[in-house]
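**Q** Prediction below, plus the sequence it came from.
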Amino acid sequence: MAKYEDPFEDTLEIFEGVIASTNIDRYVTIKILTDNNLKKVVAKAVKANDLVKYETKNDVYIFVNEVIFEQLTEEQQVMAADEVVAGLIFDSEKEKLTINQPDVKTHSGVLSKYGYDRYEVLQESIKTLYSMEKNESEAGV
């Protein structure tokens, strides 16, 4: 069962900065939460269902595994945040929000912004950190 928490202030600042740079927050309300049970990705976006949206006024939730996120370099943290936010698309004519899946292994805009080499380092860093976390838990550390 997922345990959600409020993220650390520095994590929140990174995501809020990326969100503000896209102006998506002019159209939708986004809530950032910590879910350290996420596997294989450092963050993911989920669209709120109608009931949750009615109760909370939040359109989208971004869940972040801060155990992994905090171990990334600052540049990698921004890249990871940008990767999640790049999938949020709001069609103002139809007033419809969609969350697109990455069009390669990530969004092409993220690749063009940071280059594939740096993106690949980010992905390998995330895999290594998850592997280390798994090995530590199996060893009882």
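**A** Now that the structure is in, tell me what you want to look at. Numbering: from 1, shown residues only.
**Q** which stretches of the protein form strands?
**A** Taking DSSP state E, the strands of the chain run over residues 4-5, 30-35, 43-47, 60-64, 88-91, 96-99.
**Q** Centre of the chain to the fourth one, how far?
**A** So that's strand 60-64. Strand 60-64 has its C-alpha centroid displaced from the chain centroid by 6 Å (C-alpha atoms, centre = their mean, to the nearest Å).
**Q** I would like the residues contacting it, please.
**A** Identification of contacts with strand 60-64 by C-beta atoms under 8 Å, 6 or more residues apart in numbering yields 2, 4, 7, 11, 15, 28-35, 38, 42-48, 84-85, 88, 97, 99. C-beta coordinates here come from the backbone N, C-alpha and C atoms, glycine included.
**Q** quick one on the thing from earlier: quick one, which of the strands of the chain is packed in tightest?
**A** For the strands of the chain, the largest average neighbour count (mean count of other C-beta atoms under 10 Å) is found in strand 60-64, namely a mean of 23.
**Q** Let's see the distance spanning stretch 58-78 from one end to the other.
**A** End-to-end span of stretch 58-78 (C-alpha to C-alpha, to the nearest Å): 22 Å.
**Q** Let me see the mean pLDDT of that stretch.
**A** Stretch 58-78 shows a mean pLDDT of 97.
**Q** Give the buried residues for it.
**A** 59-66, 68-69, 71-72, 76-78 (16 or more other C-beta atoms under 10 Å).
**Q** what's the farthest-apart pair in those residues?
**A** Of all pairs drawn from these, the one with the longest distance (C-beta to C-beta) is 59 and 71, at 29.5 Å.
**Q** which stretches of this protein have low pLDDT?
**A** 1-2, 103, 141 (pLDDT under 70).
**Q** tell me, what residue is most central in it?
**A** residue 43 (3.2 Å; C-alpha atoms, centre = their mean).
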